[in-house]
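A.B. asks: coords please:
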Amino acid sequence: MSVQLFDVSTAALEKAMAGASLRQELIANNLANVNTPGYQRVDVDFHSALAAALDQGATTSQVDAISFSPTTDTSGVTRLDGSTVDVDREMSALSENALDYETLVATLRARFMMLQNVITGR
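C.D. replies: This is a model prediction of the structure:
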């Protein structure tokens, strides 16, 4: 019998943190290019990719293999200069993503603390 120290939920938390980190980079890049004529907003939907994999009963290795692909978001309003970046929308997304990341870190930290308590017997 093989004992697995980290289960699929731990892998999903780690992958979600990677997705949130990528999203943070993309949002920061959008903000950096707010005044670049013709710049198209880019984002990544890591939540849906992870949810789909977990709904299908993905294993730890399958979750580890998930990759997130940034996409150009064409749903926003195009400004006169051709840019689709809205500073207010990006700042809101930045705050939301930061809260997501903090929640993921807190959850993973709690899981590791439980594991440490089991190992040390405290």
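A.B. asks: where are the low-confidence patches of this structure?
C.D. replies: Counting by pLDDT under 70, the ranges of the chain that qualify are 1-5.
A.B. asks: If we go by neighbour counts, what in the lengthiest helix in the chain is buried?
C.D. replies: Taking DSSP state H as the criterion, the chain has its longest helix at helix 87-120. By neighbour count on 16 or more other Cβ atoms under 10 Å, the buried set for helix 87-120 is 89, 90, 93, 94, 97, 100, 101, 104, 108. Quick note: C-beta positions are derived from backbone N, CA and C, even for glycine.
A.B. asks: Any idea how far it is from the middle of the chain?
C.D. replies: Relative to the chain's own centre, helix 87-120 is displaced by 11 Å; criterion: Cα atoms, centre = their mean, to the nearest Å.
A.B. asks: now do stretch 15-25
C.D. replies: Distance, stretch centre to chain centre, for stretch 15-25: 3 Å (Cα atoms, centre = their mean).
A.B. asks: is it true that residue 77 lies in a helix?
C.D. replies: No: per DSSP: H, G, I helix; E, B strand; the rest coil, residue 77 lies outside any helix segment and is coil.
A.B. asks: surely it meets residue 84?
C.D. replies: Yes: with contact defined as Cβ atoms under 8 Å, residue 77 counts as touching residue 84 (7.1 Å).
A.B. asks: If you count surrounding residues, which of these two has more?
C.D. replies: Neighbour comparison, residue 77 and residue 84: the larger count goes to residue 84, with 19 against 9 (by other Cβ atoms under 10 Å).
A.B. asks: what residues are up against that one?
C.D. replies: Neighbouring residues of residue 84 by Cβ atoms under 8 Å, 6 or more residues apart in numbering: 39, 40, 41, 73, 74, 76, 77, 78.
A.B. asks: likewise residue 40?
C.D. replies: Residue 40 is in contact with 72, 73, 74, 83, 84, counting by Cβ under 8 Å, 6+ apart.
A.B. asks: and which of these is nearest to residue 34?
C.D. replies: residue 83 (7.0 Å; Cβ to Cβ).
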